[in-house]
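Novice: I'll drop the sequence and a predicted model, then ask my questions.
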Amino acid sequence: MHFSLNSISRLLACVLSTVTLAACTQHAATTTATPKPVKIEVVGEAGIASRADNFVGTLRARQRTDLGFETSGRLTAISVEVGDRVRAGQVIARLDESPARWRVDKAAADRAAAAASLLERSTQLHQQEMLANDKIISPTALQSARAAHQLARSQLDAADAALASARRDLSLTKITAPFDGEVVGRQAQPHSDVSAGQTILQLQAGSALEVVAMFPDTVASTLAVGDKAQGRSGERTFPLVLEYLSTRSDNGSLVQAIYSVQRTERSSSPGLRSGGMVSVELPQKPAQAATLTLPVTAVMAGTEASQAQVYVIDQENKLELRPIKTAGHLTSHGRVVIDQGLSVGDRVVTAGTAFLNAGQQVVVHVPQTVLKGAKS
């Protein structure tokens, strides 16, 4: 059999084209089969919901008060210093009482004048009544005398009230201790002008302390009065018991809670002082010990409203689209609580789920850093 040169050339071209096409096809298949790196989280490592959260709280005395004047004036004397012990009823600060005393004197004079006027009107009314009985004056004149007498009585009542008010203002020019205690703050100095309601002294009593803390709504909703916690100040720890939990959210998301510091621990920890900052550590509740959680980025919408889905890596490093059930709320760390569908040890994809498919071959992404030996 004889082949022409042109036939041999065409045959070689076909063979080369076939080899080239096969090589391209094999390269494309190899590229497609390359495992995709994915970020994962092993359920049960970071996925168990922990209530061992720490929050900042402020220590304060259980019995405490800010003391000030109900009226403005010139502060003339403060008879105590920070740290002094005081007795209930003891005078600890004074305003200049001269203006108040002048008002008392004026009110007393006005009251005396009103009393004299009433006495005069009473005498006149008695006379008018006698004349009216003898038909000497008209009923209209008698009615006028009675009206004048009633006006004088009302003026005396007003004068009595003004005198009582002036005397009260005079008594308000001094601050007395409402209970036995210790001065813990002094906010003004003598010979300065102060306004009504301005804090001058701070007083507290007893050794009982409490801690005020603000919790997010998601945390506060899991708390109840009587719950125990642990306070920490430096290396010192002390037990706390929740005594009050507000039913209102401040700033839209924070709830105030007040814990009592246990008396026995207080007596052995004299270093605790009101006004100090402490850490409030909420313990993990037994009912929540096995609660599993995942990052929000790992959870996808399911086929039903009550379900969700996640990608789980199986033994062969292939993706399994697994339906799960969630609790419908987030933890204080913004993680989704898982009710059903996952077990401790499952490897769940936590990022890029929109670009993955069930059955896809993947490889766990291991971040490299300079400390781990990666080249920079």
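Specialist: On my side now, so go ahead. Residues are numbered from 1 along each chain as shown.
Novice: Give me the distance from the longest helix along the chain to the chain's centre.
Specialist: Looking across the chain with DSSP state H, the single longest helix is helix 98-133. Remark: helix 98-133 is offset 58 Å from the chain centroid, using C-alpha atoms, centre = their mean, to the nearest Å.
Novice: Stretch 67-85 too?
Specialist: The answer for stretch 67-85 is 32 Å, by C-alpha atoms, centre = their mean.
Novice: and if you look at stretch 337-351?
Specialist: 33 Å.
Novice: mind listing what's buried in that stretch?
Specialist: Within stretch 337-351, the residues that count as buried by 16 or more other C-beta atoms under 10 Å are 337-338, 341-342, 346-350. From N, CA and C alone the C-beta is placed, and that goes for glycine too.
Novice: quick one: secondary structure of residue 179?
Specialist: Three-state assignment for residue 179 (DSSP: H, G, I helix; E, B strand; the rest coil): coil.
Novice: Was I right to think it contacts residue 206?
Specialist: No - Residue 179 is beyond contact range of residue 206, at 9.2 Å (criterion: C-beta atoms under 8 Å).
Novice: Show me whatever sits in contact with both of the two.
Specialist: Between them, residue 179 and residue 206 have residue 63 as joint contacts when contacts are counted by C-beta atoms under 8 Å, 6 or more residues apart in numbering.
Novice: how deep is residue 241 tucked in, by neighbour count?
Specialist: If you count neighbours by other C-beta atoms under 10 Å, residue 241 ends up with 14.
Novice: Looks to me like it is in a strand.
Specialist: Yes - looking at residue 241 with three-state DSSP, it is inside a strand.
Novice: list the contacts for it?
Specialist: Counting by C-beta under 8 Å, 6+ apart, residue 241 has contacts 226-229, 259-260, 262.
Novice: Give me the pLDDT value at residue 234.
Specialist: Note on residue 234: pLDDT of 83.
Novice: Please renumber the chain so that the first residue is 27 from this point on.
Specialist: Yep, numbering from 27; the last one is residue 260 now.
Novice: I'd like to know how far it sits from residue 302.
Specialist: 10 Å (C-beta to C-beta, to the nearest Å).
Novice: between these two, which one's more packed in?
Specialist: Set side by side, residue 260 and residue 302 show more neighbours around residue 302, with 15 against 9, by other C-beta under 10 Å.
Novice: If you tally nearby residues, what's the number for the nearest residue to the more buried one once chain neighbours are set aside?
Specialist: In this structure, residue 302 finds its nearest non-sequential neighbour in residue 85, 4.7 Å apart by C-beta to C-beta, 6 or more residues apart in numbering. By other C-beta under 10 Å, the residues close to residue 85 number 19.
Novice: what helix or strand does the residue most central in space within the chain sit in?
Specialist: Taking C-alpha atoms, centre = their mean, the centroid of the chain lies closest to residue 240, which sits 3.0 Å from it. Here residue 240, judged by DSSP states H and E, is contained in strand 225-242.
Novice: gap between that strand and the chain center?
Specialist: With C-alpha atoms, centre = their mean, you get 15 Å for strand 225-242.
Novice: Just the buried positions in it, please.
Specialist: 226-231, 235-237, 239-241.
Novice: now, which of those residues sits nearest residue 150?
Specialist: Ranked by distance to residue 150 (C-beta to C-beta), the buried residues of strand 225-242 are led by residue 226 at 52.0 Å.
Novice: Retrieve the pLDDT associated with the closest one.
Specialist: So, for residue 226, pLDDT stands at 96.
Novice: so what's it up against?
Specialist: 93-95, 101, 104, 119, 201, 212-214, 220.
Novice: Which two of those have the greatest separation?
Specialist: 95 and 212 (14.3 Å).
Novice: gap between residue 209 and residue 102?
Specialist: For residue 209, the distance to residue 102 - C-beta to C-beta - is 18 Å.
Novice: how does the chain divide into domains?
Specialist: 62-76+314-390, 80-89+232-310, 123-198 (automatic domain parsing).
Novice: can you redo those domains as CSV with distance to residue 109?
Specialist: Listed next are the domains of the chain as CSV, based on distance: least, C-beta to C-beta, whole Å:
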stretch, distance to residue 109
domain 62-76+314-390, 40
domain 80-89+232-310, 12
domain 123-198, 26
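Novice: so which of these comes closest to residue 108?
Specialist: Nearest of the domains of the chain (C-beta to C-beta): domain 80-89+232-310, 12.1 Å.
Novice: Now for the closest residue to residue 227 other than its chain neighbours: which residues touch it?
Specialist: Of all residues not flanking residue 227 in the chain, residue 93 sits nearest, at 4.5 Å (C-beta to C-beta, 6+ apart). Counting by C-beta under 8 Å, 6+ apart, residue 93 touches 118-119, 201, 204, 225-229.
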